[in-house]
Every structure is written in C-alpha cells, then in structure tokens.
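Visitor: Got a predicted model here, sequence first, then my questions.
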Amino acid sequence: MASAESVPSAAILARGRQRYLAATARPSPAQRHATTARDMRLDCGRALLEMVLPQHQELSFQEVSQMVEKISSNLRLQMDGNGKEGKGRYLVARCALKAGEVIVSERPIFEGNTDAQKSEKIYSEAFLEKLQATPDMEDDVDDCFHPRSPLMDCVAAVLLSKQLVDEKSASADIREKAVLNLQKFCSLCRSPVQSTTDYNECVEDLWGALKPELQEITSREELGHVLQILSCNRFGHGGQSVQLMFAGSMFEHSCLPNCFLGTACTASPNADGPQTYRALRDIEEGEVLSIDYLNFPLGYCSMTARAEAFQKWGFTCSCPRCVELPEVERSFNCAECGEPDLCPCRPGSSVLQCLSCKKVADASYAARCLEREAQLQREPASPARKVGEESDDENLLGHRHHLVVHALWEDVEAGLPDSKELPAFQQMLEVLIESVSSASRLEEHPALLNLYHLAALSTQDDLETQKHYLQLEHRIMQRFFPEEAQRQDDEIMSLVKPTKEPTQLETVTVGLFLEEIAYFMEDMERDLWWLLRMAHQPAGPPELIHGDEVIEPVDAAVEAAIQKLKERADKHAEEHVAQAGAQGLTAWEQHLTCSAGVANFRQNVLEVRWTNLNTLTTDPMHPMHRMHSLVVGASRGLGLALTRHLAEVAHRAGGSGGSQGRVLAAARRPVPALEEVRRSFPDIVEILELDVTDPDSVSSAASRAKELLESPRGGGGGGGGRGGLHLLCHTAGLLQDKDRGVIPENHLQKVEANALAYSFAVNAIGPLLVLKHFSPLLKAGATDQRTEDSDVPGARAVFYSARVGSIGDNATGGWYSYRSSKAALNQMVRCASIELRRHSVCCFALHPGTVDTDLTRAFARARAKYKVQDVDEAVQKHLQIVESRTMADSGRFFDWQGKEVPW
Ligand SMILES: C[S@@+](CC[C@H](N)C(=O)[O-])C[C@H]1O[C@@H](n2cnc3c(N)ncnc32)[C@H](O)[C@@H]1O
C-alpha cells in the first residue's frame, strides 16, 4: 500500500524550480539583498491583488484569520513581527489535540495534475504548436513547460480563474468563488529570496507562448508573482500534483514538527479532494503548529543542507534538531564500542560523541571521519555502495548516515528485488525504519507505513516476521489514518463476510487486497477475488466497479483460473484439508486455505492486518474466541444481541476439552428470547439470575459464575480452566420506568427523590456492585491471558454509558436522573480503572450511539435526529472497540466509533 506521501511545497517545488526555474534564474547579489521577503510581501501585496483583480480589495490579516478559523475551529492564526521581521503568520492550536486527530481538512484553492486538465485547454488553444512534448520528454513532467506538468496546470488554473471573473456567461456564484480564490491566492506568502527577476527567463518563455487573448488578461510581472506564490506554498504528491492550500499554507516549518499532511492517498487517489493535516503527536492547547517543509527522506540530511534549503524560503530554522540535538543524520562507527552511533554532539560540531558508549572520539579519529564524509560528498558515485566496498580503514560512516540512507532509499524505491536478494532488502528497510525513528525522535511516524508494508511483503517465507511487520503497519494506519483504517476494515470485512445481497466494492481497497494476493499468485488476482467472494456470497459474486466500468469476473479466463486453483488446492489437500475442516471452513475456503499463497494471505493479512474486525468472525485461532464473558442486562436489546454474538463466535471457533469460550448471560429473569439463545448454544451460554439493584443477588450471581467457570461444562465436558472471566459487558441501564416514576425530566419541577434514587441504583450503584463482586474473576482471567506486552489487557470491562452523561458535552440540560446517574457511572469506571490497572484489567465506558432497541424506540425524535444502527451491526462494532483497547485506554470514555468522549 502506498503511504500518504503528500509533501509540502518547497521540497518538490525546490526540485521543480531547480530543474527549470532555478536553472534559468540569475539574480544579481545586489538584487538579492535589495528586496527581502517581507518587503516583497508587504510592498507588493496590495499591488498584486490590484494587478490581478483591479476592482477588488486585498484581504486584511483579520479577514485571513477569520477565514482560517472558519475552515477549522482547531486553529488560531497569529502574527509574529511587524511584517518586515519575524516569521509572519503562523497557526496555533485552539484546543488540545490527540495524535492522529484531524486538525484541518480543506480543498486546494488551485491545483494542477500530471493529467493537466486545466493546461490542456490553454495548450490546445494557445501554445500547443510551440511546446509540444517530444517522445524523449514524455516523462519529464518536472519541466514546467511540459504539456502535462502539474506546475503549468496550476498556473493555467489561476489564469482560467481570472478569465472566469469577467466571463459574462458564468453564473454570479461561480464568479464570486473565482474572486474569493484569487483573493486567497494573492494573500499567500511569496518566495522570499528570489525576486520576480529570478523568474525572468521562465516568465519570458511562458509569456511568449501565451495566446494574445491570455496575454491581454495578465502581464509578465503578474506571471512572476504567480510563480513566486507557487514556489513558496506549493504542496504536492510526488511529481504528480501541485496544490495550493489556504489554511495549510500558514503552518510554519519545524524539523521536529507536531503536525503532518496526512491525507491517506488510498481514500481519494486522484481527487481534488480535501487535504488533511493531522497531529503527529499529542498537542497542547496554545502550542504553535508546525509541519516539516522537507519531509522524509529529503529532510534527512545534515543541518547545513537543511539550512540551505530553508534559505529559499528566507528563514533560519531554530528547532532543537537544527540547534542543539546530536546530529544523528551524520553518524559514524564508534572506534571504542563499534556501534554506528558516533555523531556530532550538536548540529555542525566537529566534536563527535557516541550515543551508545558516551565516549568522545579523539581528535584524529574525528578528523578522519569528517574527511571521509567530505570526500564522499564530493564524489558523485553512490556512497552506500562505496561504503560497502570500503576497506576497514575507510569504513567510517555509520549505516544511518544520510549519505548511506539516501542511497538505500533509492534502492528501496525501486521495489521488491528477486527472492535471493530479499534478506538484503529487509536489512535496508530496517536501516530506513531506524533512521526515520531516530531523526524524528518518534517510534511511530507516518513515513513508516510504507516501509513496514514493504517489509511485510519481503518476508513471505517467514510468517512470524511478516505478521510482526503487518501488525506494526496496522498500528501506524490506526494511529495516523484512523478513518482510512476503519474504511478499509469495513470494506475488507464485507469482502469476506457472507451477505445476503451481492454488493459493490470500490477497487481502491480491492486493489490493495489483491495486491497482496497477486504477490503470491501472479496474474490470478481477479479470479481469486472472485473466488473469495464466491466462498462467502451465497447470492453469487457482486459487481466489481473500476471507475465507471463494471468488471465482469465470470468469463472463460476465470473458469480456467478456478480449475488451476482447484488443482493447486488438491495438491496440498492431504496435508491441509483436515486442519481446515476442523476450523469449520466451507469447501471453497478449504480449497483456498490449501493454497500456500492464500494461506499466507489469510493468516497474515486478514488475521493480523485487519485484526480487530476479523478476529470475532473469521479467525478461530484468536484468543477472544476462547475467552469467558459475562453480559449483564442480557434479556433484551444490546445485551441480548451481545450474548448471541459472543456465543456464535465461541461456537464458530469450536474447540473442546475446556478450550471453548463460555458466555454468562445475567438478567433479572430468564426471558424467552434469552432462553432461545441458550438452547441454540447449550454448551456455551449459561443464564445467571442477577438484579443489579439487589446486592445479595449480585453477590450470589458472582459465586455461581465462579462455580460454573471452574466446574465441568454442561455437567459433562471440560470446564473453564482456572475460573477466570475475560470480558464483562455491562449493558443494564434505565432511562425511564413509568411504574416507578422514572422519566427523562425536562424540568426541575419534575425531579422526584425516589425516581432519582432508583435511576442511580440501576445506572450507577448496580454496575459498581457488579464490578465489586466480579472483579476477582476478572483479575483471575487477566492473569490467565496476560501476555508479555503490558499494553495488551488481560481482561476487559466495558460499561455502557451514554454521551448525555458527559458533563463536558452537556449543552442542553434536562434528563436529570439519566444524565447524573450516567455521570456517576463514568466516575466509578474511572476510579475502578485505576485500582484494576495493575491487574491488567482494562475498564472503560462506552457510548453505544442510537441503536434500534426498545429503549430508543420510545424516543422517536432522537431516532429521527441520529443515525439509528442495526443492533447486530452495533454490537459487532462495540466488540471491535473492546478488542482494540489497550491499557492506555483504561479509565476513558469512547463512543461507538471509537472516538473519545469528554467526561
Ligand atoms: C508557507 S509560508 C508560511 C506562512 C507565512 N509565515 C505567512 O505569513 O504567510 C512560508 C514562510 O513562512 C516563514 N516561516 C515558516 N517557518 C518558519 C520558521 N520556522 N522560522 C521562521 N520563519 C518561518 C518563512 O518566511 C517562509 O518563507
């Protein structure tokens, strides 16, 4: 899977400019010093807008801030200096933000792509005959005059927008939008060091190529300014696109940024869709927000090289990486301990100190290292290869030195090598992974997504290692692109889960999914996809949509592929079918499982990469299938659905001799629907009588549960082992009970002491009593399932609370008893989480959303206002949330989408 590799402007911009613009620019030193960045911006700001749109006003700082704050309520715009000095405008967090959280999401004001939609018009109408691409120029889209250059496409977008403002046939709306975009565009910062004259040659060429009608609406000077704005603010996707953002252009730079441009490219690969900036780590309210203008691998270089790059933007970076931290990008091999950790103790220092053994290198060794570095920098040949070929005496550069890393990066970008070179490829990836973490001082970084993915692809012969990389990749995806992780999870799930109706799937995810298979199965991807669907779709395969085209999977080639697969499966059948059969797979799945490649795919991609969605349904080996759970409030609604779902999961996982999970369903009395579930799963489900308002009943239910979990199953089979409980789902709760006078009071005068006390008894005191009496069982279960990873809970307790119980979220008042009893429950969950943390029991509160149950049916208005979820789908989601919680989530409050709710 490709990572979301959008990078800020000047990185790519610098490349584009170097190739064309900078090459043609010949600023005289006098010019360079005569006009500073700030002078340019201020002195020419008004002039530029007047030039572009004579009848319109330049935006003031207040107007720009209001617009920015309207785009995202997380942002505040501030100004440093008086315009001639300081860093100009910059963004600040208005509130605390969590890592991965979206800070701002906006569409580009102007955009250009390699498919050059905008410039095509200008090219065909204006200068096609003058600037036709020759075959040898085909791929050279970095040249800004290439007909498919994204830079030229973006210039064209600006010119066409300007033309539109005066176009009588365009609607007022469209013209207004064009004006606003041009106003925003003209308010952006301009490339500081190079003045308009730097662009003279480029401007001249561009001007000469323009059709007279277009020349009429612009000027050479204006074109120069447009190029300057593009230079300073350009974002882009590799060499494929140029995007001009408005709020996004206000981020300042830091080499240790707290934000990143984090649009998962799989969500909208070609779209002029919104670009998303996210938090790279937790951010406090009032913190200055920054992104890395250079990104990895461009910014992975010496501090001096970075400083040179920043000169193009006219600033000197004063972040800790540029000023005080050891320069890890220039690591040498330590002569004392042999570790590759000897680096300048501060940026630019010639004193080298080892980060491992802490020894300072003697002056002569340091001089040899620095001399070797300088020599390699002067030599054009690849230093990584040179380093590999060095004699011991010259083997001075550490493997994380930027000269080595850049050469490795190039090799890795070339893609997976032949199988015999895979081990070396993995080593390269390991070095790059280490380098990203050490330079960013972060263990989890979005740049690792693609590296982990490649690492997983390159380890197909070692399932355990592959699993490890897929897990790491999935963690990065969830941390930095949570919505995309969820979207993929849902789509993959729909791919492997039986549904009644054939559905449509986007090729984006299917493509990723097939990429995995294709790697193992050569050209059989579409057929395999079809087979997988067949295996799970009683109603036959769905349509596969690619753009507007519906791909018909069933044809002669597919028939042949099926035959081929069957043969392959048969070959492995003897070894595998018995095992697959024991896992309860269908005949088709058995065939698929038997294929070594697909077995890889199933085990590692589905079971690991999409762990949390898959475990409960298709992975019989997952520990959650052998866990013992308790559902309190199991007689109806969510509790009943949870009981049924957990029982199905335990049943599907099969097992015997005590290895099968058990589900204890606690209810005030056993209602017919619950009896029915018990009858369907007699070895799994046990009903416990429990009234949360009666302490004795809770205590005896806990004793009974202990007996059941310790005793032989169903009076005969294996028992529950050490009598532990691994999951407690407390769903019992009360919103209204007319017989007891409990109503959602909308007025103080409707509050009644007895009703209030009863609400508290059911919603707050009851759950705490349940936890009091069942916590010994949870602790035992946690001891049972605890792993070496202290982040992974041994047992989990989820308490169904409600967002209306959040004090921070209460804007409308009312519902006194329900709100306050749920608030009390929240506090109790928090307290218990602290007490139970050291036992590895994770406790948290969950807002289930509006689910189609008896409770919500009584509230027609609420149902109309909120998305009502189907109860079975809802409990599956809840269990995914339960399962993906780590100990860090204990004592917190989440909603049904896994988003945190304020207390
Ligand atoms: C993309 S713009 C950022 C917004 C800009 N500050 C403004 O007022 O519009 C880039 C410019 O911001 C300033 N800048 C960004 N990061 C900076 C930093 N870390 N230190 C000083 N100036 C910085 C430089 O003038 C740079 O040319």
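Guide: Right, received. Where do you want to start?
Visitor: Next, the distance between the ends of stretch 738-755.
Guide: 9 Å (CA to CA, to the nearest Å).
Visitor: which parts of it are buried?
Guide: V742, I743, P744, E745, E752, A755 (16 or more other CB atoms under 10 Å). Backbone N, C-alpha and C define where each C-beta goes, glycine included.
Visitor: Most widely separated two among those?
Guide: Pairwise distances across the buried residues of stretch 738-755 peak at 12.6 Å for P744 and E752 (criterion: CB to CB).
Visitor: Tell me the residues of the stretch 101-250 of the chain that contact the ligand?
Guide: Residues of the stretch 101-250 of the chain found near the ligand (CB under 6 Å from any ligand atom) are C189, P192, C232, N233, S249, M250.
Visitor: bridging residues for the residue in the chain positioned nearest to the ligand?
Guide: Minimum separation of the chain from the ligand (CB to the nearest ligand atom) falls at G88, amounting to 2.8 Å. G88 has these beta-bridge partners by DSSP bridges: D80.
Visitor: give the contact list for L734.
Guide: V742, Y758, S759, V762, N763, Y818 (CB atoms under 8 Å, 6 or more residues apart in numbering).
Visitor: In CSV: those residues, plus pLDDT and distance to the ligand.
Guide: Output for the contacts of L734, formatted as CSV (pLDDT from 0 to 100; distance: CB to the nearest ligand atom, whole Å):
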residue, pLDDT, distance to the ligand
V742, 87, 56
Y758, 94, 59
S759, 93, 53
V762, 94, 55
N763, 94, 50
Y818, 91, 48
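Visitor: And these, which two are furthest apart?
Guide: Greatest spatial distance in the contacts of L734: Y758 and Y818, 11.4 Å, computed using CB to CB.
Visitor: Which of the two has more residues huddled nearby?
Guide: Between Y758 and Y818, Y818 has the larger neighbour count (other CB atoms under 10 Å), namely 22 against 19.
Visitor: Not counting residues beside it along the chain, what's closest to that one?
Guide: Spatially, and ignoring its direct neighbours in sequence, Y818 is nearest to L735 (5.3 Å; CB to CB, 6 or more residues apart in numbering).
Visitor: Please identify the buried residues of stretch 421-437?
Guide: Within stretch 421-437, judged by 16+ other CB under 10 Å, the buried ones are L422, F425, Q426, M428, L429, V431, L432, I433, S435, V436.
Visitor: Restricted to helices, list these.
Guide: Among the buried residues of stretch 421-437, the ones falling in helices (DSSP state H) are L422, F425, Q426, M428, L429, V431, L432, I433, S435, V436.
Visitor: When you compare pLDDT across these, which one is lowest?
Guide: By pLDDT, L422 ranks lowest within these, coming in at 88.
Visitor: L429 is in contact with that one, correct?
Guide: No. Contact criterion CB atoms under 8 Å: L422 and L429 do not qualify, at 10.3 Å.
Visitor: Spit out the residues that contact these two alike.
Guide: Both L422 and L429 are contacted by S458, under the criterion CB under 8 Å, 6+ apart.
Visitor: which element follows the helix or strand containing K118 toward the C-terminus?
Guide: Under the criterion DSSP states H and E, the helix or strand holding K118 is helix 117-122. Per DSSP H and E, helix 117-122 leads on to helix 150-165 as the next helix or strand towards the C-terminus.
Visitor: Pick the one among the buried residues of stretch 421-437 closest to L182.
Guide: The shortest approach to L182 among these belongs to V436, at 38.9 Å (CB to CB).
Visitor: what's near enough to touch the closest one?
Guide: Residues in contact with V436 (CB under 8 Å, 6+ apart) are F296, Y300, H445, A447, L448, L451.
Visitor: And for M51?
Guide: Taking CB under 8 Å, 6+ apart, we find M51 in contact with S219, E221, E222, H225.
Visitor: Of the contacts of L734, which belong to helices?
Guide: Y758, S759, Y818.
Visitor: shouldn't the first one be in contact with K738?
Guide: No. Contact status for Y758 versus K738: not in contact, 12.0 Å apart, counting by CB under 8 Å.
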